[in-house]
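Q: predicted model, plus sequence, below.
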Amino acid sequence: MNKDIYILGIESSCDETAAAVVKNGREVLSNIIASQVPIHRKYGGVVPEIASRNHIRNVLPVIDEALAKADVPLEKIDAVAVTYGPGLVGALLVGLSAAKALAWAADKPLIGVNHLEGHVFANFLNDADLKPPFLALVVSGGHTALLVVKDYNSFELLGQTRDDAAGEAFDKVARVLCLPYPGGPEVEKLALEGNPLAIDFPRAKLGDNFEFSFSGLKSAVINYLHNKQQAGEDVSRADVAASFQHAIVDALVQKSVHAIKQTGLKEIVLAGGVSANKTLQETLAKAAERAGARLVHPTPILCTDNAVMIACRGYFMYVNGEKSPLDLNAVPSLKLG
Ligand code: KG4
Ligand code: ZN
């Protein structure tokens, strides 16, 4: 009988301090997240220095809680998986230092995980049948990309955004609509009350490739609000939110369908914070089905930052014999693919 493998995952790339224990790559034994959202909300976004300080405060209690909740002592852990990029350097260093110290003290292998690959792997926790090869649409606060997951440890980047990420566009539009941070869920909520066809915001024309661009859309929303204000006209904020969301989802879905058709792959997964967006999930599911593919997306708690996805990604690296040296450094601009 094969031995069970327990991975401790640690995540601290932005404003969530998280730790989790995952058994055999797919069974979640614990998922602890200390969110700093209420702290950063009053500044309208994440303040890196404040994030680092709160990670320092939270990281050990969160790890202790993850091990206790899983009822797995540190000695029983097979490897410590930790996000080493991309993200805020000061924030990354807190989780990474804790992981290195634990790995050294307990004599366990250290596995440095790419946060974005972690987001993709969150899908394995929600769908027992999911196996590579498949497509991934990565839509987080800092990244927007289409990726082919060829195998558990082999990825090919098809294309990415030329400017703003989808999450960034949601957050910036939220700010001009006077909605609190993080903006994505707030825009989604307000959009429920609006008409998605009320305003025809532009979609970037980028040609026959897998690239995205959202800065023009963001500027169009800002200009629309500015012009209305100058003219003294009333604005339906709900219509703006719904029409913006419609335009961004439209662009994401169009390129995803293009990728499904070009690659002939039969499954596409959503990854990153914006994958929590119900309109994106529903629109992409329908469009993928029409193109002959199936959409998989993570459960809501695994859409945004967590350590389960890091432990899951770490598991597949562990069984592939990959481990990191104890002098592993944080890589704030670590790339995908
Ligand atoms: O993956 P994530 O939690 O952190 C990064 O790795 O960046 O993504 C955060 C981003 C934020 O921009 C947030 O506004 C966006 O995901 N987001 C959403 C939703 N939930 C989170 N965007 C649209 N709709 C949502 N429901
Ligand atoms: Zn993330």
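A: Everything's here; your move. Residues are numbered from 1 along each chain as shown. Ligands and ions are numbered 1, 2, ... in the order given.
Q: may I see the buried residues of the longest helix seen in the chain?
A: Longest helix of the chain, by residue count under DSSP state H: helix 237-263. By neighbour count on 16 or more other Cβ atoms under 10 Å, the buried set for helix 237-263 is 237-253, 255-260, 263. For glycine as for every other residue, the C-beta is placed from the backbone atoms N, C-alpha and C.
Q: kindly report the residues of the stretch 201-337 of the chain close to ligand 2.
A: Neighbours of ligand 2 within the stretch 201-337 of the chain, by Cβ under 5 Å from the ion: residue 305.
Q: strands along the stretch 201-337 of the chain, start to end?
A: Secondary structure of the stretch 201-337 of the chain by DSSP state E, counting those that start in this stretch: the strands cover 267-271, 294-296.
Q: surely residue 202 touches residue 247?
A: Yes. With contact defined as Cβ atoms under 8 Å, residue 202 counts as touching residue 247 (7.3 Å).
Q: what do the two both touch?
A: residue 217 (Cβ atoms under 8 Å, 6 or more residues apart in numbering).
Q: if I look at residue 46, how far off is residue 276?
A: 17 Å (Cβ to Cβ, to the nearest Å).
Q: next: residue 283.
A: Counting by Cβ to Cβ, the separation of residue 283 from residue 276 is 14 Å.
Q: contacting residues for the residue in the stretch 1-150 of the chain that ligand 1 sits nearest to?
A: Residue of the stretch 1-150 of the chain nearest ligand 1, by Cβ to the nearest ligand atom: residue 141 (2.7 Å). Residue 141 sits next to 14, 165, 167, 168, 171, 182, 272, 273 when contact means Cβ under 8 Å, 6+ apart.
Q: got it, and residue 97?
A: No contacts exist for residue 97 under Cβ under 8 Å, 6+ apart.
Q: up against ligand 1, what does the protein have?
A: Within reach of ligand 1 by Cβ under 6 Å from any ligand atom, the chain has these residues: 14, 119, 140-142, 167, 170-171, 182-185, 188, 272-274, 276-277, 304-305.
Q: in helices, which of those residues appear?
A: 119, 167, 170, 171, 183, 184, 185, 188.
Q: adding pLDDT as columns, could you present the residues you listed in CSV?
A: Converted to CSV, these look like this (pLDDT from 0 to 100):
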residue, pLDDT
119, 98
167, 96
170, 97
171, 96
183, 95
184, 97
185, 97
188, 98
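Q: now do the helices in the stretch 1-150 of the chain.
A: 37-41, 48-70, 89-106, 115-121 (DSSP state H, counting those that start in this stretch).
Q: state the mean pLDDT of the first one.
A: For helix 37-41, mean pLDDT is 94.
Q: residues of it that come out buried?
A: residue 40.
Q: in the stretch 1-150 of the chain, which residue sits closest to ligand 2?
A: The minimum distance from the stretch 1-150 of the chain to ligand 2, using Cβ to the ion, falls at residue 140 (4.5 Å).
Q: show me what contacts that residue?
A: 116, 119, 165, 166, 167, 271, 272, 273, 274.
Q: can I get the residues you listed in JSON lines including neighbour count?
A: Listed next are the contacts of residue 140 as JSON lines, based on neighbours: other Cβ atoms under 10 Å:
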{"residue": "116", "neighbour count": "29"}
{"residue": "119", "neighbour count": "30"}
{"residue": "165", "neighbour count": "23"}
{"residue": "166", "neighbour count": "31"}
{"residue": "167", "neighbour count": "24"}
{"residue": "271", "neighbour count": "29"}
{"residue": "272", "neighbour count": "29"}
{"residue": "273", "neighbour count": "23"}
{"residue": "274", "neighbour count": "29"}
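Q: show the pLDDT at residue 1.
A: Value for residue 1, per-residue pLDDT: 60.
Q: same check on the one 4 residues further on?
A: Turning to residue 5, the model gives it a pLDDT of 98.
Q: can you give me phi and psi for it?
A: phi -110, psi 130 (degrees, to the nearest 10).
Q: okay, it and residue 306: tell me how far apart.
A: 19 Å.
Q: more neighbours: these two, which one.
A: A count of neighbours by other Cβ atoms under 10 Å puts residue 306 above the other of residue 5 and residue 306, at 26 against 16.
Q: and the residue of the stretch 201-337 of the chain that's closest to ligand 2?
A: Closest point on the stretch 201-337 of the chain to ligand 2, by Cβ to the ion, is residue 305, at 4.4 Å.
Q: hey, what's the residue nearest to that residue when sequence neighbours are not counted bridged with?
A: Excluding the flanking residues, the one nearest residue 305 by Cβ to Cβ, 6 or more residues apart in numbering is residue 16, at 4.2 Å. Counting by DSSP bridges, residue 16 is bridged to residue 35.
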